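Student: Predicted model and sequence below, questions to follow.
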Amino acid sequence: MRSIRPSFTARRGGNARRRTSPVLAAVALASALALTATACGSGNAEAGGEASSSAPSESDGKITIPDNLRDRLKEHGIDIDKWKNGEWKNWDKDDWLREADEYINPIIEGLWNPDRMRKAEDPDNAVDAGDLSGDQGVTDPTPEPVDAKAVSPTYHDSVPAAGKVFFDSPEGSMVCSATVVQDPANPGKSNLVWTAGHCVHAGKNGGWYRNIAFVPSYNNEGRTAAELQNATREEAAPYGAWWGDWAQTSDQWIEQGGATGGDGASYDFAVIHVTPEEGGNGKSLEETVGSALPVDFKAPAVAQVKSITATGYPAAAPFDGQSMYQCQDKPGRLSISAPDPTMYRIGCTMTAGSSGGGWVATGSDGRPALVSNTSIGPATAGWLAGPRLGDAAKGVYDSVSEKFAGQ
């Protein structure tokens, strides 16, 4: 999540946001190619296109890529062979794709091994109170901190729809939290993951992050960081790694999200369509984990919400990012900008790394549903805020769902 210092300035730390008209932005040209690679060091971060199926990798590490896909990548100045050999690490601003229709995310098999996943960090850009001091909307008193409680292993038994999103940014390998959500176009067979917009795109001064992958029930057995140093990939990622072959967020985030301040916070959400790294067994993500949450875009007003439960993998001290935690609290309101929708806010001590994690409450139909995601919080780690999901969020969700209808 993005930190905010006591003065209320939202700085980007994996949680950045912005405001504008709810135009949608889609991550496109998502290429699910199979490459081979080894892990590297840890970090210290709308338009349409076609997703392609994974290309088989050969034993010598070379890959086979359809000519039409190779040509499409070259249109964006990307040589797939150079990309495989490390060109993806080039974050030169002139080469960093940022427009909605320029997203690519070739699968690099083995990139997210246990060591690289364990070392990934949330880009913690704390927020200074100054940015939020001019709020003109409704903001309730700052909630009292609620201590985050460790989720009992196995995580799959406790919160089967939760997991972590890994990605690479200019600062290194990064991590957020995320949730498997239902797909109305593919009932019971969803491949959709909900997270924060700042977990897929850097905002107005950057572009799409790379090597985006979702790991459901990461560290399912709740091993310590020391134990994970010798863990197998199956122990760290028991349900596999699922690469984002399509993603979409709001234009507000792409156009206004920044390294500091609360810009875009009210629209800080994203939907990722995923595909298994190694081809899978024909089962969808929902079938694999056995769960997917509905998303409620008409959640009750704050005064009518008795309780919200936020789930995530906090990585900044005193946490280490390896364990799942939850906070439960009655929400209040946080207004960053009068023209923007008022956000939910709860007391919670989870830190950076919990960004994008799902917020669950009793939905408008009386059943548990995802109603928000972790977006921003103070550097002092006492509360979290998340966007209230409305028409803009539903537009993003429906667009991704319809894109893969019947697939």
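Tutor: Nice, I can see it. Computed from a predicted model, the values in this text were never measured in an experiment. Numbering: from 1, shown residues only.
Student: From here on, just use CA atoms for contacts and neighbour counts.
Tutor: OK.
Student: Excluding sequence neighbours, find me the nearest residue to residue 342.
Tutor: residue 335 (4.7 Å; CA to CA, 6 or more residues apart in numbering).
Student: what's around that neighbour, how many residues?
Tutor: Applying other CA atoms under 10 Å, we find 24 residues neighbouring residue 335.
Student: who's in contact with residue 185?
Tutor: Counting by CA atoms under 8 Å, 6 or more residues apart in numbering, residue 185 touches 401-402, 404-406.
Student: Over to residue 304?
Tutor: Counting by CA under 8 Å, 6+ apart, residue 304 has no contacts.
Student: What's the biggest helix in this protein, counting residues?
Tutor: Criterion DSSP state H: the longest helix present in the chain is helix 391-403.
Student: Most neighbours among the contacts of residue 185, please name it.
Tutor: residue 401 leads these on contacts (other CA under 10 Å) with 22 neighbours.
Student: where's that one relative to residue 181, distance?
Tutor: 11 Å (CA to CA, to the nearest Å).
Student: which residues do the two both contact?
Tutor: residue 192.
Student: The residue nearest to residue 342 and residue 343 touch, don't they?
Tutor: Yes: using CA atoms under 8 Å, residue 335 is in contact with residue 343, at 6.1 Å.
Student: any idea which of the contacts of residue 185 is closest to residue 110?
Tutor: residue 404 (26.0 Å; CA to CA).
Student: Once you drop chain neighbours, what's closest to that closest one?
Tutor: Leaving out its chain neighbours, residue 404 is closest to residue 185 (CA to CA, 6+ apart), at 7.5 Å.
Student: residue boundaries of the strands in the stretch 101-250 of the chain?
Tutor: When secondary structure is read from DSSP state E, counting those that start in this stretch, the stretch 101-250 of the chain shows strands at 107-109, 149-150, 162-169, 172-181, 192-195, 210-216, 242-250.
Student: Bridge partners for the residue lying closest to residue 165 once chain neighbours are set aside, pull those for me.
Tutor: When the adjacent residues along the chain are set aside, residue 165 lies closest to residue 214, with 4.4 Å between them (CA to CA, 6+ apart). For residue 214, the beta-bridge partners under DSSP bridges are residue 165, residue 242.
Student: Now residue 211: closest residue in space that isn't a chain neighbour?
Tutor: Going by CA to CA, 6+ apart, residue 211 has residue 167 as its nearest residue, at 5.2 Å.
Student: ok, that neighbour - contacts?
Tutor: Per CA under 8 Å, 6+ apart, neighbours of residue 167: 45, 173-175, 199-200, 209-213.
Student: Out of the residues you listed, flag the one nearest to residue 330.
Tutor: Nearest member of the contacts of residue 167 to residue 330, counting by CA to CA, is residue 199, at 25.7 Å.
Student: Surely that closest one and residue 353 touch.
Tutor: No: counting by CA under 8 Å, residue 199 stays clear of residue 353, with 10.1 Å between them.
Student: so which of the strands of the stretch 101-250 of the chain comes closest to residue 372?
Tutor: strand 192-195 (9.2 Å).
Student: what pairs with the closest one, and is each one parallel or antiparallel?
Tutor: Assessed with DSSP bridges, strand 192-195 is paired to strand 172-181 (antiparallel), strand 270-276 (antiparallel).
Student: and which of the contacts of residue 167 is nearest to residue 313?
Tutor: Nearest member of the contacts of residue 167 to residue 313, counting by CA to CA, is residue 175, at 9.0 Å.
Student: List the beta-bridge partners for the closest one.
Tutor: With DSSP bridges as the rule, residue 175 is bridged to residue 166.
Student: name the element residue 83 belongs to?
Tutor: helix 80-84 (DSSP states H and E).
Student: buried sites along that helix?
Tutor: 80, 84 (16 or more other CA atoms under 10 Å).
Student: Output it as PDB, restricted to C-alpha atoms.
Tutor: Taking Å, rounded to 0.1, in the frame of the first residue of the first chain, the C-alpha atoms of helix 80-84 are listed here in PDB:
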ATOM      1  CA  ILE A  80      11.800 -10.900 -27.900                       C
ATOM      2  CA  ASP A  81      15.100 -12.600 -28.000                       C
ATOM      3  CA  LYS A  82      16.800  -9.600 -26.300                       C
ATOM      4  CA  TRP A  83      13.900  -9.400 -23.900                       C
ATOM      5  CA  LYS A  84      14.400 -13.000 -22.800                       C
END
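Student: model confidence over that helix, on average?
Tutor: Rounded to a whole number, the mean pLDDT of helix 80-84 is 75.
Student: which strands and helices sit next to it?
Tutor: Using 3 or more CA pairs under 8 Å, 6 or more residues apart in numbering; DSSP states H and E, no helix or strand is in contact with helix 80-84.
Student: so how far is that helix off the chain centroid?
Tutor: 25 Å (CA atoms, centre = their mean, to the nearest Å).
Student: before we move on, what about stretch 170-188?
Tutor: With CA atoms, centre = their mean, you get 6 Å for stretch 170-188.
Student: Tell me where this protein has helices.
Tutor: Going by DSSP H, the chain shows helices at 67-75, 80-84, 114-119, 155-158, 225-228, 233-236, 251-256, 285-289, 391-403.
Student: among these, which is nearest residue 367?
Tutor: helix 155-158 (17.3 Å).
Student: Mind putting the strands of the stretch 101-250 of the chain into TSV with mean pLDDT?
Tutor: Shown next, in TSV, are the strands of the stretch 101-250 of the chain (pLDDT from 0 to 100):
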stretch	mean pLDDT
strand 107-109	84
strand 149-150	98
strand 162-169	96
strand 172-181	96
strand 192-195	98
strand 210-216	96
strand 242-250	94
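Student: of those strands, which approaches residue 115 most closely?
Tutor: strand 172-181 (11.3 Å).
Student: angle of that closest one against helix 391-403?
Tutor: 80 degrees (axes from the mean of the first three to the mean of the last three CA atoms, to 10 degrees).
Student: Surely residue 285 and residue 189 touch.
Tutor: Yes: using CA under 8 Å, residue 285 is in contact with residue 189, at 7.0 Å.
Student: between the two, who's got more neighbours?
Tutor: The residue with more neighbours, out of residue 285 and residue 189, is residue 285; 28 against 20, by other CA under 10 Å.
Student: list the contacts for that one?
Tutor: 180, 189-192, 274-275.
Student: and the gap between it and residue 162?
Tutor: Counting by CA to CA, the gap from residue 285 to residue 162 is 12 Å.
Student: For the nearest residue to residue 164 once chain neighbours are set aside, give me its contacts.
Tutor: Of all residues not flanking residue 164 in the chain, residue 177 sits nearest, at 4.3 Å (CA to CA, 6+ apart). With contact taken as CA under 8 Å, 6+ apart, residue 177 is in contact with 162-165, 195, 312-313, 353-358.
Student: Right, I'll call it a day here.
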